[in-house]
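Colleague: give me the fold of what follows.
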Amino acid sequence: MADPSQTVGHEQSGLRPHLVLSVSRMNRSPLELVIALPLTTTDASNLLHVRIDPQPETGLTRVSYAMPEMVRSISGRRLGRPVGRVQRELVERAARHVGVLLGLGRTKF
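Modeller: From the prediction side, this is the model:
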C-alpha cells in the first residue's frame, strides 16, 4: 500500500510546470488523467533529466529539466492553463527515459 497524499523524501510538490507525456486521447478520456513529469530549474546533473530551454513556444523563463524519475498520473482537474509547447522530440526523449527506469529499454545520453 502507499499513501500519495503527502510528499516525502525527494518527491516534488507545489505548483510547477509539468511535461505531459500522455496522448491527447487519454487526456480527454473519462478517466480525466494525464501522465506527466514535473519540471525543476535545479540542474542535478542527472543523465535522465531532459533539458528544456526557455523559448517563446515553451513559455518557460528559465532553463528547466523534466524529471522522468518523478512520473505520475495527475487529475485533469489539477491542471491550470498550458504554459507552452515543446518539440515532439523532447517528449519522446522524456518518454524513453521513463522506459529506461521501468526496464523497458535503453537510451543514449
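Colleague: okay, strands next: where are they in the protein?
Modeller: Here the chain has its strands, by DSSP state E, at 18-20, 33-40, 50-52, 64-66, 72-75.
Colleague: which residue is nearest the middle of this protein?
Modeller: residue 37 (1.5 Å; C-alpha atoms, centre = their mean).
Colleague: could you list everything it pairs with in the sheet?
Modeller: residue 19 (DSSP bridges).
Colleague: contacts only, for it.
Modeller: For residue 37, the contacting residues are 18, 19, 21, 50, 66, 67, 68, 70, 71, 94, 98, by C-beta atoms under 8 Å, 6 or more residues apart in numbering. For the C-beta atoms, the positions are set from N, CA and C on the backbone; glycine is no exception.
Colleague: what do you get if the cut-off is 7 Å, keeping everything else the same?
Modeller: Residue 37 sits next to 18, 19, 21, 66, 67, 68, 70, 71, 94 when contact means C-beta atoms under 7 Å, 6 or more residues apart in numbering.
Colleague: just residue 41 next, same as before
Modeller: 62, 63, 64.
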